[in-house]
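> Quick one, what's the 3D model for this:
(chains A, B and C)
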Amino acid sequence: MKARRVCATLAAALLLSACGAAGRPAEGGGGAEPQVGITDTAVKVGAHFPLTGVAAPGYSEIPTGAQAYFDFVNAAGGVHRRQIEYVFRDDAYNPTQTSQVVNELVLQDQVFAIMGGLGTPTHSAVLDHLNSEGVPDLFVSSGSLLWDQPAENPMTFGWQPDYEIEAKIIGQYVAQNFPDARVGLFLQDDDLGRDAEIGARRYLEGQIVAAERYTPGNTDVAPQIAALQAAGADLVIGFNVPSYTALSQLQSLRLNYKPQWIYSNIGSDPALVGSLLARFSEGAVTDAGLLEGVLTTEYLPGVDTPDNPWTQLFQRVWDAHGGDGELTNYRIYGMSEAYTFVQALQAAGPNPTREGIVEAVERSGSTFEGPWVAPFRYSADRHAGISGVQVTRIAGGTTENLTPVLVTDNGDAPITEATGEPAAPPADGIPDVQPVS
Amino acid sequence: MQQFLNVTLTGLGQGAIYAAFALALVLIWRSTRIVNFAQGAMGMFTTYLALTLIEAGQSYWVGLVVALLAGLVLGALVERLVIRPVEGGPELNAVIVTLGLFVALQALAAILFGSTFRSFPAPFDLRGFTVGGVNIAFTANSVYVIAAVVVVMLALVALFRFTDLGLQMRAAAFSQEVSRLLGVRVGRMLTLGWALAAVVGSLAGLLIAGGSLVFPAYMDAVIVYGFVAAVLGGLESPGGAVVGGLAIGLLLSYVSGYLGSELVALAALAILVAVLLVRPQGLFARTAARRV
Amino acid sequence: MVQQTDRPATLATAAPARRWWRWRPRSTFARHGLAVLLALVAVVLVLEFTSPFRNSQFATMAYYAIAAAGLTVLTGLNGQISLGHGALMAVGAYTTGLLLGPEGDGALPLPVVMVVAAAVTALVGAVVGAAAARLHGPYLAGATLALAVAVPGLAIYFDHVLGGEQGLRIASPDVPGWFDATVWFLFAHETPSAKYLAYLGWGTLLLVLLLLANLMAGRVGRVWRAVRDDEVAAELAGIRLGRVRVLAFVVSAACAGLAGAVLGVVVRLAAPSGFTIVLSLGLLTAVVVGGLGSLVGALLGSALLVFLPPAVTNIGTAAGLDGTQAAQLAPFVYGVVLVLVMLLAPTGAVGVLKDVWGRRRRTR
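As a prediction, the model looks like this:
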C-alpha cells in the first residue's frame, strides 16, 4: 500500500516534469541528423559566454558585438538567403555550468554550430561533447592549444593567436630589447598560463627569475605580487584576464612595486582596465594612466585607431545595430569572429551541412581575409587560428606599434615579419567567399 | 625579509577585518546562541548600498554612515522577522534559517546590483608607505582599517561596561528568565544585540571592499575565516574574537605568502578542526569545558 | 516505506504512532523491492518518451537525488548537519575522473569505478565523521562549511594530478551494445548518450534508495533515530554514540561519492568550480524543502533543484528582468523558501502532505 504510494508519487513527479516537453515542436531523435539547426530561411548558432561573475567585465560585450554584426548581415539579406539566429547563454565562466548550457544549446535549442564559445577551462569541458555529437565548434574565443587537435577534435577550430605564439613573440621582443631585465611571469593557473610559459621560456629561459600563478576567482593577488617583488623581477609579463590586470596593478601600488609591465592581449584592454581602476581615484590612485607605458600585443584594430577602415566599418555596424554603450575592443572582437563565421558559411555553399562547414573552413579558411593582421592556419590537419601579433605600447590612451606584424607557429618555428598588405574591408561590409565545391 | 614584513603587514590588515567580523558573530552568539551564517551576506548587501551612493556622487563617508545605519535596521528586522520564531528551538533550525537568508540576500544583491566585478573606492591612499628607503605593504588605508576596528571594539567595551543599556543587554544574554523578572525587556535587548552585530558586520564588509573589487560573493570566504577566528577566541568573548581575528589574519597570510593561496581555506579548516578537537572552549574562554 | 512514518522529532509535532512494520518485518524488503521495480518501469517509460534535453535534466536530477538521499539520512535521521556534501561529491567525481581517464581508456569498467568512488568517499567520510561526531549544531555547520570551501583548493594545489582550475576531463561512457539493442527491441529507437546517462543515473538512484530504505527500516535506522532524539537515553541503552555518528557519516558520504561519480560522467568534467558552496547549500535546500529524513522528500527536493530554475528564470524574463538578473531569481527563491519552510512548515513538503493525508483519514 505504502510502497505503491511511493511509486505513484515518483511516477507522477516524473511524468509531471516530463509534460513540459510534450508541446515542444520538432524534438529531433538523435543529434546526428544533417539538417539540425538549419532551414531554408535560417541558421541557428549558439555560444557560451560569462555574462556574470569574475570574467564578465569585458567578455560579456563580445556576444553583443557578434550579435550586432549578424544583425547587420541579416539586414542585408543574410547568407545564402538564410538569416543567422544567434543564441548566447551565460556560463559564469564555470565549466560545470558550461556543460549544462551547451547541453541546452545542442539538445534544446538545436543549434547548427557553436561559434566563439569563450574560455579555456569552460570550453574544454564541452570539447568532447561537441565533437562526439558532431556539432561544428568554430572559432573558440580562447588562445589555448586544445582547439588545434584535428585528429581528436575534428569539429573544433581555434581563432585568435594561441597563447604560445603570442608568448613567443613577446619573449623574443623582451630578449632583444630588454636583454638585462630580470623577468617575472604572472600567470593564470590554467592552460593560458601553461601555454604562455612554454612560449616565453623558449626565448627567456635564462632571464626568468620567478613564475607566479593565481587562481581565477581568488581576488587576493598580494602573495604573488610580493613574491615577484621579492625575486627582484623588474619586468613582469602577465598572462591574465582583465580583472587581474586591475588587481595586479592595485597590489603593485600597495607595494610600491614598479616593474615594466607587459600584459598579453586578452588582459590589456585599456578602456576596461582603466574603468576598473579609475574608481579608486578617491583613494588617490592618480588616474587611469596607471597603464601608461605598459606593453601589450594586438592582432585586431582597436577603437583607439578610429581611422582604420575596419574600425570605421565596425563603428558603422555598431551605430546601426548595436545596443546600449559604445563600440569597444571586445565588441570588435565579437564582430570579427562573426565576420569569420559568415565567411565560413559562405564557403560551405548554398546547402551547408555540419560536416560541410568544417570541410569548407579546412579547405579555404587560410585564405579568409578580414580585420586580423595575419592569416589563419586552417588546413585539413591544422585547426589553429591567427598566426601572428604585433607588439605595442599603451601611450596617451592609444597604442603605438613597436614592431611590425610578427608571424610564427607553435614549437620551434621561427618568428618572421608578415608579408603582404593588410586586407581592406569590402565596400558593403560583408565578405564574399566563394563556395569551396 | 622584505617579503616577510609585507606578508605580516598584509596579514594584520586582513586580521583586523576578520576580528570585526568575528566580533559580530560573537555578539549574536552571546545573546541568542545562534551563529549567524548570513552575517557576511548582510554586510555585503549594505556595502552595495554604500557603493550605489558613492557612484551617485556622494562621498565615501556618506556611504559609510548609510551602510552602518542600514546594517542596524537590517539586523533588527532579521531578528524580529525570521530569527525570533526559531530562537530557543532546535539549533539545526536556526542554522538553516541563517543559511537561507545568506542564499537569498546574495541572490537579491545580484539581481539589484548586478553580479559583475565593481571597484569600491578606499577613503585613503592605497600606496604603500616608504620607511627609510624601503617600501612596505602598509598603506594609509590599512591604518584606517585597523583604527576603525579598534574604535568599534572600544565603543562596544564602553557600551557593555559603562552604560545601563549595556548592563541590561548582558543580563538578557546571561539569563532571560531572571532578567525578565528584574524588568529587563529581553526581546528588545536581543533585537538590539542583532542590530549592533549587523552594524559591526557591515563595517567589516565595507573595510574589506575598500580599495578592492566587490561582487555578490566577495564575503563568502570571510564567513569561514571569521567563524574560525570566533571559535579560536571561544565564541564567547569579544576580546577573544579580536585576538582570534588577528591571529587568523596573520596565519592565513603566511600560508598564502609561503605555501600558496589555494591552501588558505584548507589551513583555516585545519586550524578550526584542531581548535575544536583539542581545545573546544577556545584559547580565551573562562569556562573550563563546553559542549561543542 | 518506513521512512514515511518517521519524522524528526526535533522538527515535527508529535507523529501518530504507527507500528505496523514491527508486526510484519519480513515483508519490508519485498515491499521496498516492489516499489523500486514499479519505479523502474515508470522511469523507463518517462525516459523513453521525453526529449534528449529532458533526459539530460533527469540525469542531473539523479545525481542531486543520490546525494540528497544520503544527506537526508545524515541530517534528518541522525541529526548531524553537513554543509560539506559538495566537497564529498568532489571526492567521488575526482576518483571517477582519475580511474576513467580523459579518453575512457582506464582499465576498470564503469560500475567498478563507481563502487570505488563510493568506497573512497566513504573513507574520507569516516575521517570527517570522526571529527564531526564530537561537534554539534552551529559548530558542525561551521566546520563542514569550512570543508566545502577548502576542498576545491586541493584540486588546484595538486594540479598535476587533478588538473587544477580546469579540472579533469572525464570520458562519457559509450552506450553498451546490449543496452542499445534492448531499447531498440522494446521501443524501436536509438539510445543517444544523454538518455543512457539518464538511465545510468536513475538506475544508481533506485539502487541507493532501495539500500537506504532497508537500512532505515532496520536496526541501524532505529539506533540513528534514538541518538538523534535523545543522546543520553541512547547512551544509557548501551549505544555507542561516536560509532553510530561516524557510521551515519560514512553511509551518507558513500552516497555523496556515488552522486559525484554520476555527476562526473554526466557533466564529463570534475572541476573545482563545480563543487562550490552553492552545491552544498543546494543539497541542503533539497532535503529541507522536501522534508528532513524522508527519501521521498529528497527526491522531491532534487526535482525542485533541476526544474525550478528554468521555470523561475522564465518568469523573471517575462517580468522584464534581463538574462543575468533572471538567472539569480532561482537562488533567491531557494533562500526565501528555505527560511519560510523552517518558519512555517519545518517538516517540509512530505510532512505537510502527510498532515493533510492524516487529517483526511481521521475525519473519515
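> next SSE after the helix or strand of chain A with the lowest mean pLDDT?
Every helix and strand of chain A was ranked by mean pLDDT, DSSP states H and E. The lowest is helix A:2-22, at a mean of 46. Per DSSP states H and E, the first helix or strand lying C-terminal to helix A:2-22 is strand A:42-49.
> close to chain B, is the next helix or strand after that following strand?
Beyond strand A:42-49 on the C-terminal side, the first helix or strand identified by DSSP H and E is helix A:56-59. Yes: Helix A:56-59 lies within reach of chain B by Cβ under 8 Å from any Cβ of the partner chain, at A:A56, A:P57. C-beta here means a position set from N, CA and C on the backbone, and glycine is covered the same way.
> list the buried ones in the next helix-or-strand element following helix A:56-59?
Proceeding N to C from helix A:56-59, the next assigned helix or strand is helix A:62-75, under DSSP H and E. Neighbour counts over helix A:62-75 (16 or more other Cβ atoms under 10 Å in any protein chain shown) mark A:62-74 as buried.
> Using CSV, write out the CA atom coordinates for the next helix or strand after helix A:62-75.
Downstream of helix A:62-75, the next assigned helix or strand under DSSP H and E is strand A:83-90. What follows is strand A:83-90, C-alpha atoms only, in CSV (Å, rounded to 0.1, in the frame of the first residue of the first chain):
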residue,chain,number,x,y,z
GLN,A,83,19.0,34.7,-41.5
ILE,A,84,21.6,34.0,-38.8
GLU,A,85,19.9,33.4,-35.5
TYR,A,86,22.4,33.8,-32.7
VAL,A,87,21.8,32.4,-29.2
PHE,A,88,24.3,33.0,-26.4
ARG,A,89,23.9,31.8,-22.9
ASP,A,90,25.6,32.6,-19.6
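> Show residues contacting strand A:83-90.
Applying Cβ atoms under 8 Å, 6 or more residues apart in numbering or on different chains, the contact partners of strand A:83-90 are A:41-52, A:63, A:66-67, A:70, A:73-74, A:78, A:97, A:101, A:104-105, A:109, A:111, A:115, A:338, A:341-342, A:345, C:323-324, C:327.
> Check whether the closest residue to chain C within the stretch 51-200 of chain B sits in a helix, strand or coil.
Nearest residue of the stretch 51-200 of chain B to chain C (Cβ to the nearest Cβ) works out as B:A104 at 2.6 Å. Secondary structure state of B:A104, per DSSP: H, G, I helix; E, B strand; the rest coil, is helix.
> residue contacts, the residue in the stretch 101-250 of chain C that chain A sits nearest to?
Of all residues in the stretch 101-250 of chain C, C:Q166 sits closest to chain A, at 4.1 Å by Cβ to the nearest Cβ. For C:Q166, the contact set (Cβ under 8 Å, 6+ apart) comprises A:P95, A:T120, A:P121, A:S124, A:D190, A:D191, C:A271.
> And C:L215, by the same measure?
So C:L215 contacts C:V73, C:G221, C:V251 (Cβ under 8 Å, 6+ apart).
> Helix, strand, or coil at the second one?
Read that as C:G221. Classification of C:G221 using three-state DSSP returns helix.
> Closest one of the contacts of C:L215 to chain B?
Among the contacts of C:L215, and counting by Cβ to the nearest Cβ, the member closest to chain B is C:V73, at 14.7 Å.
> The closest one and C:I66: what is the separation?
Using Cβ to Cβ, to the nearest Å, we find C:V73 at a distance of 12 Å from C:I66.
> do the same with A:V373
For A:V373, the distance to C:I66 - Cβ to Cβ - is 52 Å.
> Could you check which of the two has the larger neighbour count?
Neighbour count, other Cβ atoms under 10 Å in any protein chain shown: between A:V373 and C:I66, C:I66 has more, with 33 against 23.
> Please name the nearest non-neighbouring residue to that one.
Spatial nearest neighbour of C:I66, excluding adjacent residues (Cβ to Cβ, 6 or more residues apart in numbering or on different chains): C:A259 at 3.9 Å.
> Equivalent analysis for B:V7, please.
Of all residues not flanking B:V7 in the chain, B:G257 sits nearest, at 3.8 Å (Cβ to Cβ, 6+ apart).
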